[in-house]
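# Mind folding the following:
(4 chains)
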Amino acid sequence: MKKNLAILLVLVLLLSTLVGCGGGSGNGGDSETADPFKVGAIYPLSGANALLGSQCLAAVKIAIDIVNANGGVQGRQVQLVEADAPDPTAATTEAGRLVDQQGVQVIFGSLASGNALAIAGVTEKSGVTLVESGGIADALTDSGFKNVFRILDKGGLRGAAGVSYTAEYVAPMLNIAPKDLKVAIIHEESSYGTSVADGAEKKIKELGLNLVAREHYNSTITDMSALVLKLKEAKPDVLFTVNYINDAILLVDTLKQYDAMPKVLMGCGAGTTDPNFAGTIGADSDGIFCTDMPTNLPLDVFADEAMKNVVSEFRERFRKEFPDMNNVSVAAEAAFAGSYTFLNNILPNAKTLDAEGIREAALTTKLDMTTLGFGWDLGDDGQNYAASANINQWQGGKVVTVYPDKLKNGEVINVPLPIAGQ
Amino acid sequence: MEQVLQVLISGILSGGIYALASVGLALIFGVVGLVNFAHGEYLMLAMYIAYWIYNFSGLDPYQSLIINLAVMAVIGYITFKVIMERVLDSDHSIQMLLTLALSMVLQNLALMFWKADYRNIRIDMTNDTMNLGFLTFNTPRVLAFLIAIGASVLLYLYLQKTFTGAAMRAISQNGKAAQLMGINIKRTYGLAFVIGTTLVGLAGLLISPIYPAYPTVGASFSTLAFIVVVLGGLSSVPGAIFGGLVIGVVESLAGYFAGPAYQQAAYFLLFILVLVFKPNGLFGRS
Amino acid sequence: MIKQLILKQNFVLWIIAVCSVIVPFVLPNRYFQDITIMTFLWAGLATSWNLYSGYCKRLSIGHAAYLGIGAYTSTLLYLNFGISPWIGMLAGGVISAIAALIIGGTTLRLKGTFFVLSTIAFAEILKVMTITSKEITAGALGLMIPYQPGFTNMIWQGKIPYALLTWIYMIIVLFISVRLEKSKLGYSLVALGENQEAAENLGVNSTRTMLVAFVMSAVLTSFGGTLFAQYVMFIEPTSVMSMGNSINFILLAIAGGMGTAFGPMIGSFILTPVSNLLRGYLVGISGLHGLILGLVLIAVLLYRPDGILPQLKLLFRYLFGKIAKPGKGE
Amino acid sequence: MILQVESVTKKFGGLSAVSEVSLEIEQGNVIGLIGPNGAGKTTLFNCINGTLPITDGKIIFDGVDITRKKSHEIAKLGIARSYQIVQPFGNMTTLQNAMVGGFCKTKIYKEAESIALRSLELVRLDHKKDLIAKHLNLGERKKLEIAKALSTQPKLLLLDEVMAGLTPSEVQEMVKIIHSINDSGVTLIIIEHIMEAIMSLSKRIVVLNFGKKIMEGTPEEVSSNQQVIEAYFGVEDGEAYA
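Numbers count the residues shown, from 1 in each chain, chains lettered A, B, ... in the order given. Below you'll find the model as predicted:
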């Protein structure tokens, strides 16, 4: 009996300390000048998406450090509160904690579109700002949220970008008229892959290309033989594919094994842009396209000296944190760009640091250049319409931007791919 | 036709791995009567161990096979001693829940130790293929298949030909009678559990050149192994081997004809059909 | 008189259940209110799961399917036809009942592991169907419920209405559970869980008993699914119908005490806040909160396989025994 | 006739556990069923109450053909049984155990409770009604086994070795209990190895051997029959019974 009482006591104590340490700092939302300015970051730090989530969190931390070193936001130091959201339900709860318990005014997130939508449901009711730099589902900025701002492009647009480029530039290189070009889509089946693929499919139909196959799979797939053999039968010239890193590598491996590599492989984001992609596949990655936000841009793209320094500092510190990676992942670059731009360029313009003031500043501020290489120009829906997807290509283990021309730093190689099947 | 044959082959090759992952479970289930939902987590652990050894010493998974299996045996033994031994007589539901909690612990431990990164082992052989007529075989998959089937057959022979093996079979048929015959039940249970975890570990290290390790990689294998075991008629080792091959082929064919999204659904559907029409498994005696 | 009531432990547990409604009022902080809502909701869901699996000792690891049916039915009706989620909730219940009849009809006669695996199989198939029937369900993209507060929309600005709603849900399920314990159905169910053949020989119609309880359990779970959707306002197949949700039902029930009316509630009252708080405050080391939760569960299963409820009852007896003795409590 | 068993056969694979056994029992009678271990006594019980489907033959109970009925239906019609190896619902209390049977003919909680209490009184177990069944000793479990069956308010009760393993004084008590059950109007078929007890309880005795009925008669007739002595007692000698 006594033992049980003791256990109960310990539990109660544990709980009350947890509650206590949260409650103690719970009233920090007011804007006294001495107070730190509280922001939150919600990323999946456990569960299936934990890898990219932890990279994004690290990127946000670096951004805050840099901003703080330069005097913070409107004279206030920025204080970060972290949260782990492996799924939308947890995202709701954690958003609630950051908003109501910790009193943050701005949340950076959230990698997965599902989480972003769940977080938006909470922040919108409380007048808190969500700066999204990972979730690309169209719904996030198509749903009438007032305080959700997305720095990167929408999924649908990204899918479309690869297709447009293919029709305009790749088809001539292959000497095939766009009308005769056979294309296929393979995508992982979460909301991320689906929304990009939907955009691609829409554009394909619009441009009149031949869609010969569209398949989706779960990103934990361990054997793609059946998928690849099915694809081989459809004989596409160009394969659009949306994957995470794991399945991206598996797909390329399997395509090679069955000698089924199409003439052009046009990857979209996450998987094919991941630094580990070329690192794992090696020389065979030469010539594989990856449509994505601009990433690992050469520093001379940034005309502004200060921005150049910031980007190089970020990359340096990030590499220190993740020594295994030979390059910064695009997810981390986007997370950095989102948080840094917002803290450094938008918030200083806000008359008041509340939802109204921030919204006004976010919508009225126009920038020619962010650390992602494109500008900042929000529509009323909160979508950054200056954001664009680049067409990149792996060349010698590095991502080279081949389109658009203003960010271009190399010429297209290997069309068709030397490893393409017969 | 060529394509379908190729699809079949790839299904059979995956099936070999499924078989190996499942015979261990069949043994644990048959002998110890334990429903182990943490089974797949041992596969994950073995993949990480293979990665570690590869990273530190450069030994590829095949070269480090013995060390890896030894470590897996030790881990299996510790789990058995610390946790499983205490619930041998408990309710099935308690055992199941305990293994569920164990899988939660192992997954999160892996997440803490190794972070969520995907750990790839890339050896020269990873993309090698062999050709036989119009058919293509991926060398590591063929190797994995051969070793898997070999190990499963060895296990079968061990159960048939040795005294301890006979003891295990006796227990799986009638625990009480076996005890009366003077078989040390607990030791045999322990041994069966260790062999089971080691075998699923072997499956893990065989796929490590083809597939990266991450904390939740084992999760889907637990359910899959169970389904294989049920299809094979529960405690039967040959049944589990056939069950594994059947699942591999079904998965492949479904992926080819219906699309990869339906691969899992296909074997779940097969599983339900078997339960309804042939509740003793595809190869079980009625 | 009071002493007798107090010693009747269900009375004390009822007091706890009923009084818990004040928690969201005394915790003005919305984060804690959110946790309270989740605690009520999960208590109701775990109690619903327990209605069949707990009493009958046949673990369903596929109940997330009914959570999903409830969530998707009401949301789709609301989004496509503007039908109020209150009605959608009932429609979800009907569809869940049909699904449970079909699934139960094929699987309830299976025993032990076979049954457990068949529930997983059905839930996974349903999940794949939801992902692939994109035209109807929006597939993996998920469905978002627009924020239009109002009683008929089952959407509110503040947390209190949600807290009350989930609390009522929990109380209703609890009430059904307590009633079940005192009914023919309940007795038959527990007897079936203990020994099916012996129960049948005492006149228990096992097929009917199990089917009725299974359908009840599914329908109540699906009601919870609607509440879940209306609260989170975003649903997607991979998170709503995940096996993780199914396992969570079970873990709450087992931690509190499987096969007892109040066990799952106690399990949720302790574990839901603890796991949420752990996730909230141990965010620095990913995996740590899952690890702690797993270890706690292993400890409970090894040392207190009946769950926390029996311990709590002992505690009540001890505490109230002392209070009641000195004769004050007339 | 409350029960007519007409040449019932039960085969497992190729083996007949019960072959062409016929029985007739009058209302209120007590019949003893004896025979060496493996003679098919328990199997016959399983056939009568529907636990096992029979291979051939016909069973009529109280004018109703119950040959193909399920065991829960048969229980509702009024046949109850106890098990040789006791089968209590271990985690329920004694009263709750009996109430499962009590719910056989009613849906009302109070009624089921009072029926169950009456059965517990009848078997003299009412003082242990709130004890968890797994904590009962063997004698009490045997009584519980009967109380559960009685709570279904049967017309016919099949008792399978309810005295095996009991102390002599417990056996005496059990005999009294069985008498009082019969006095309340319940027809009984009893399987028992304790000859003294069964001879004193039964009005007629049926002897089974290798699944076949080898004779039927009064206790006196049976105990003096040479065939029975050979078949039954001859084999019985070498066996340890428990």
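# For residue D:53, grab the count of nearby residues.
12 (other Cβ atoms under 10 Å in any protein chain shown). Placement of C-beta: from N, CA and C, glycine included.
# Just to be sure, it is in a strand?
No: Residue D:53: not assigned to a strand; according to DSSP: H, G, I helix; E, B strand; the rest coil it is coil.
# I figured it hits residue D:66, correct?
No: Residue D:53 lies out of contact with residue D:66 (Cβ atoms under 8 Å); the separation is 11.6 Å.
# Tell me the gap between whichever strand or helix holds residue B:7 and the middle of its chain.
Assigned by DSSP states H and E, residue B:7 falls within helix B:2-27. How far helix B:2-27 lies from its chain's middle: 11 Å, per Cα atoms, centre = their mean, to the nearest Å.
# does any part of it sit near chain A?
Yes: judged by Cβ under 8 Å from any Cβ of the partner chain, helix B:2-27 comes into contact with chain A through B:3, B:6, B:7, B:10, B:11, B:14.
# Test my guess that the second one contacts residue B:138.
No: under the criterion of Cβ under 8 Å, residue B:6 is not in contact with residue B:138, lying 11.3 Å apart.
# more neighbours, those two?
Set side by side, residue B:6 and residue B:138 show more neighbours around residue B:138, with 25 against 22, by other Cβ under 10 Å.
# That one bridge partners, please.
Judged by DSSP bridges, the bridge partners of residue B:138 are residue B:129.
# Make sure it is actually in contact with residue B:144.
No: contact criterion Cβ under 8 Å: residue B:138 and residue B:144 do not qualify, at 9.3 Å.
# Heading C-terminal from the longest helix belonging to chain C, find the next helix or strand.
Looking across chain C with DSSP state H, the single longest helix is helix C:206-232. Using DSSP H and E, the next helix or strand after helix C:206-232 towards the C-terminus is strand C:234-235.
# anything in that next one near chain A?
Yes: using Cβ under 8 Å from any Cβ, strand C:234-235 reaches chain A at C:234, C:235.
# what sits against residue D:82?
D:142, D:145, D:146, D:148, D:149, D:157, D:158, D:159, D:160, D:162 (Cβ atoms under 8 Å, 6 or more residues apart in numbering or on different chains).
# centre of the chain versus stretch A:65-83, how much separation?
22 Å.
# element containing the residue in the stretch 101-250 of chain A positioned nearest to chain B?
Residue nearest to chain B within the stretch 101-250 of chain A (Cβ to the nearest Cβ): residue A:226, separated by 3.0 Å. Take DSSP H and E as the rule and residue A:226 turns out to sit in helix A:225-234.
# most surrounded residue in the residues of helix B:2-27 next to chain A?
Most crowded among the residues of helix B:2-27 next to chain A, counting by other Cβ under 10 Å, is residue B:10 at 30 neighbours.
# Only the buried residues of the helix holding residue A:226, if you could.
For helix A:225-234, burial by neighbour count (16 or more other Cβ atoms under 10 Å in any protein chain shown) applies to A:225, A:226, A:227, A:228, A:229, A:230, A:231, A:232, A:234.
# From residue C:206, how far off is residue C:111?
11 Å (Cβ to Cβ, to the nearest Å).
# meant to ask about residue C:242
Residue C:242 is 31 Å from residue C:206, by Cβ to Cβ.
# Next: residue C:11.
33 Å.
# same check, this time on residue D:212
On the measure of Cβ to Cβ, residue D:212 and residue C:206 end up 33 Å apart.
# Flag the shaky bits of chain D, pLDDT-wise.
D:232-242 (pLDDT under 70).
# Tell me which stretches of it form strands.
D:3-12, D:15-25, D:30-34, D:56-61, D:64-65, D:79-81, D:156-160, D:187-191, D:204-209, D:212-217 (DSSP state E).
# Please produce a markdown table containing those strands, extended by mean neighbour count and distance to residue A:87.
Below are the strands of chain D laid out as a markdown table (neighbours: other Cβ atoms under 10 Å in any protein chain shown; distance: least, Cβ to Cβ, whole Å):
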| stretch | mean neighbour count | distance to residue A:87 |
| --- | --- | --- |
| strand D:3-12 | 18 | 53 |
| strand D:15-25 | 18 | 56 |
| strand D:30-34 | 23 | 63 |
| strand D:56-61 | 18 | 58 |
| strand D:64-65 | 12 | 58 |
| strand D:79-81 | 29 | 52 |
| strand D:156-160 | 24 | 55 |
| strand D:187-191 | 24 | 59 |
| strand D:204-209 | 22 | 64 |
| strand D:212-217 | 17 | 67 |
